[in-house]
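Asks: Would you be able to build a 3D model of this:
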Amino acid sequence: LLDVLAPSLALGQAIGRWGNFFNSEAFGLPVPADFPVSVRIPPSLVDPQVLLSSPGASHFHATFFYESLWNLAVFGVLMGLLLRCRRGGLKLPAGALTCIYAIAYSLGRFWIEGLRTDPLCLFSSPPFCEGGLRIAQMVSLVMVVLGSLGLAWLYGLRRPLPGSGPTS
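Replies: Just a heads-up that it's a prediction; the model follows:
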């Protein structure tokens, strides 16, 4: 059941990230005004520490857009795999798409979280988490490991049992 829901979850996250745009939240680090993919954020919505480190900054990484595109790509990959499985061209063990989703989403989230100025930090404080860890990145690493272990376990289950094959 989770394998069938995984693509929809990725699509829902891609659409949901646009809420960050409309709320002018969850944007990234400052970029030059001519940066191709940036959002203009009023200074009143920017962490004062960010403005101190980048005086006059008005344009920021559009992290909502990056994550939306990433999730659309994850959706496309998962739908492609699901359709190939349904047509019989690919055999994946039950649970594999869920593990692939966990890995793919978490890799994108890890990268994008490094660009944000509003992270939850462990052992430090936002906006840069200097000397500390970003909690979302730690969770992403855990999810990549769990998804990878899940795939290894699922594919390990597909091995023939000792003595079940032809004898020589």
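Asks: Any buried residues in the helix or strand where Gly19 lies, and which?
Replies: Assigned by DSSP states H and E, Gly19 falls within helix 18-22. Buried residues in helix 18-22, counted by 16 or more other Cβ atoms under 10 Å: Asn20, Phe21. Placement of C-beta: from N, CA and C, glycine included.
Asks: And the average pLDDT for it is what?
Replies: What helix 18-22 shows for mean pLDDT is 93.
Asks: what mean pLDDT does the following helix or strand past it have?
Replies: In the C-terminal direction, the helix or strand that comes right after helix 18-22 (DSSP H and E) is strand 38-40. For strand 38-40, the mean per-residue pLDDT is 93.
Asks: Please name every helix or strand in contact with strand 38-40.
Replies: Under the contact definition 3 or more Cβ pairs under 8 Å, 6 or more residues apart in numbering; DSSP states H and E, strand 38-40 sits against strand 59-61.
Asks: now the helices for the protein?
Replies: Here the chain has its helices, by DSSP state H, at 2-16, 18-22, 48-53, 63-86, 96-113, 135-157.
Asks: and of the ones you listed, who's closest to Pro36?
Replies: Of all those, helix 63-86 sits nearest to Pro36, with 10.8 Å by Cβ to Cβ.
Asks: re the thing from before, would you format the helices of the chain as TSV with distance to Leu120 included?
Replies: TSV is the format used below for the helices of the chain (distance: least, Cβ to Cβ, whole Å):
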stretch	distance to Leu120
helix 2-16	18
helix 18-22	15
helix 48-53	15
helix 63-86	15
helix 96-113	10
helix 135-157	4
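Asks: Would you mind finding the most buried of these?
Replies: For the helices of the chain, the largest average neighbour count (mean count of other Cβ atoms under 10 Å) is found in helix 96-113, namely a mean of 21.
Asks: Just give me how far that helix sits from the chain centre.
Replies: Using Cα atoms, centre = their mean, to the nearest Å, the mean C-alpha position of helix 96-113 is found 5 Å from that of the whole chain.
Asks: Gly156 versus the spatially closest residue to Gly114 that is not a sequence neighbour, what's the distance?
Replies: Using Cβ to Cβ, 6 or more residues apart in numbering and skipping residues adjacent in sequence, the residue nearest Gly114 is Gln137, 6.8 Å away. Computed as Cβ to Cβ, to the nearest Å, the Gln137 to Gly156 distance reads 28 Å.
Asks: Appreciated, that's everything.
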